[in-house]
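# I'd like to go over a predicted model; first the sequence, then the structure.
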Amino acid sequence: MAHDAMVRRLGENGAAIRRFVMDLIYPEGAVCRTCGRISGGDVLCPECAERLQRDGGLFAWARDDLEPDLPAYSLRLHDGIARQLILRLKHQAEACAARPLADLLIPLPDEPAFPPDTVVTWVTMPESRRRERFIDHGRILASATAEKLSLSCRQLIVRRETGERNQASLNRLDREKNLQHAFDPAERISFPVLLVDDVLTTGTTARRCADALRRGGAQRITVLTFTRASRSGL
Ligand SMILES: [Zn+2]
């Protein structure tokens with residue numbers, strides 16, 4: 001096809017331009033976000049949707065206790081289609097990638113149970129990084145979760161601009177230091193909180209956010225991440 005020849009000439013930027021051209025040819029949502037095949041109007045083609053259901057090894061919500069009173073649930077290993085969707089959401093500002101991830105929340109397991117006054121919130125991103133990425137993926141995942149679980153959603157955590165470094169490049173001790181004074185509660189919290197994030201790696205970010213929520217008065221906090229790194233390192 002003509003656009004393929006054009007993409008070859010454009011070299012490095014070819015993949016981005018190919019996506020752009022495909023978006024022009026096929027209306028939004030017609031192409032699978034992870035394999036690029038025609039999807040019939042959904043974010044994922046049937047094959048990728050099936051792999052997302054099947055892959056990852058976690059068939060129910062898997063639980064870890066980050067602290068004695070801080071359960072963290074995750075839905076998939078950080079691998080395969082789930083990982084690709086998160087990367088698209090986070091680094092390519094494709095908000096629609098949150099939809100198939102949120103679909104994984106249903107059917108709900110018996111535990112955890114969320115009282116109706118639970119508020120869903122997210123790990124607030126530094127403003128500078130939000131501007132860089134054009135998208136606040138945590139907020140998008142939190143609101144998709146709230147919608148699925150019929151709960152309300154709002155920002156409960158304020159992030160200070162501390163000039164902190166990106167967590168992904170740091171080891172566990174440096175992560176702890178990096179985030180020590182990064183979060184504050186946004187309001188007085190007298191209700192259960194569900195803290196949503198994309199991926200659980202060391203759990204440090206979730207712990208620091210839980211500290212801030214507790215300083216605001218929160219007594220019952222549950223963490224939910226869509227994927228998790230392997231068990232080691234938690
Ligand atoms: Zn696909």
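Yes, it's here. Residues are numbered from 1 along each chain as shown.
# which strand or helix spans the residue nearest the centre of the chain?
Central residue of the chain (CA atoms, centre = their mean): D198, 2.4 Å from the mean position. Using DSSP states H and E, D198 sits in strand 193-200.
# what packs against that strand?
helix 80-91, strand 119-122, helix 137-149, helix 204-215, strand 221-228 (3 or more CB pairs under 8 Å, 6 or more residues apart in numbering; DSSP states H and E). Just so you know, the C-beta spots here come from the backbone N, C-alpha and C atoms, and that holds for glycine as well.
# which stretches in this structure count as helices?
With DSSP state H, the ranges of helices along the chain come out as 2-10, 14-25, 46-54, 80-91, 98-103, 127-133, 137-149, 172-179, 204-215.
# as TSV, these with distance to R37, mean neighbour count and mean pLDDT would be great.
Listed next are the helices of the chain as TSV, based on distance: least, CB to CB, whole Å; neighbours: other CB atoms under 10 Å; pLDDT from 0 to 100:
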stretch	distance to R37	mean neighbour count	mean pLDDT
helix 2-10	15	11	54
helix 14-25	11	13	59
helix 46-54	8	16	91
helix 80-91	13	21	93
helix 98-103	15	20	93
helix 127-133	27	12	82
helix 137-149	24	21	95
helix 172-179	38	16	73
helix 204-215	35	21	96
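# of the ones you listed, which is nearest E161?
Minimum separation from E161 across those (CB to CB) falls at helix 127-133, 6.4 Å.
# show the contacting residues for the residue nearest to A93 when sequence neighbours are not counted.
What sits nearest to A93 in space, not counting adjacent residues and going by CB to CB, 6 or more residues apart in numbering, is I135, at 4.1 Å. Going by CB atoms under 8 Å, 6 or more residues apart in numbering, I135 touches L89, K90, A93, A95.
# per-residue confidence for I135?
Looking at I135, its pLDDT stands at 85.
# thinking again about what came up before, mind putting the helices and strands packed on strand 193-200 into CSV with distance to the ion?
Formatted as CSV, those follow (distance: least, CB to the ion, whole Å):
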stretch, distance to the ion
helix 80-91, 8
strand 119-122, 27
helix 137-149, 20
helix 204-215, 30
strand 221-228, 18
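# of all the ones you listed, which lies closest to P71?
Per CB to CB, nearest to P71 of those: strand 221-228, 5.7 Å.
# with just CA atoms, put that closest one into CSV.
C-alpha atoms of strand 221-228 as CSV (Å, rounded to 0.1, in the frame of the first residue of the first chain):
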residue,chain,number,x,y,z
ILE,A,221,-6.8,2.0,52.6
THR,A,222,-6.8,-0.6,49.8
VAL,A,223,-4.3,-0.5,47.0
LEU,A,224,-5.2,-1.8,43.5
THR,A,225,-2.8,-2.0,40.6
PHE,A,226,-3.6,-3.4,37.2
THR,A,227,-0.3,-5.2,36.9
ARG,A,228,2.6,-6.2,39.2
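# partner strands of that strand, with direction?
Strand 221-228 pairs in its sheet with strand 70-77 (parallel), strand 193-200 (parallel), by DSSP bridges.
# now the first one and helix 204-215, what's the angle there?
Angle, strand 70-77 to helix 204-215, by axes from the mean of the first three to the mean of the last three CA atoms, to 10 degrees: 150 degrees.
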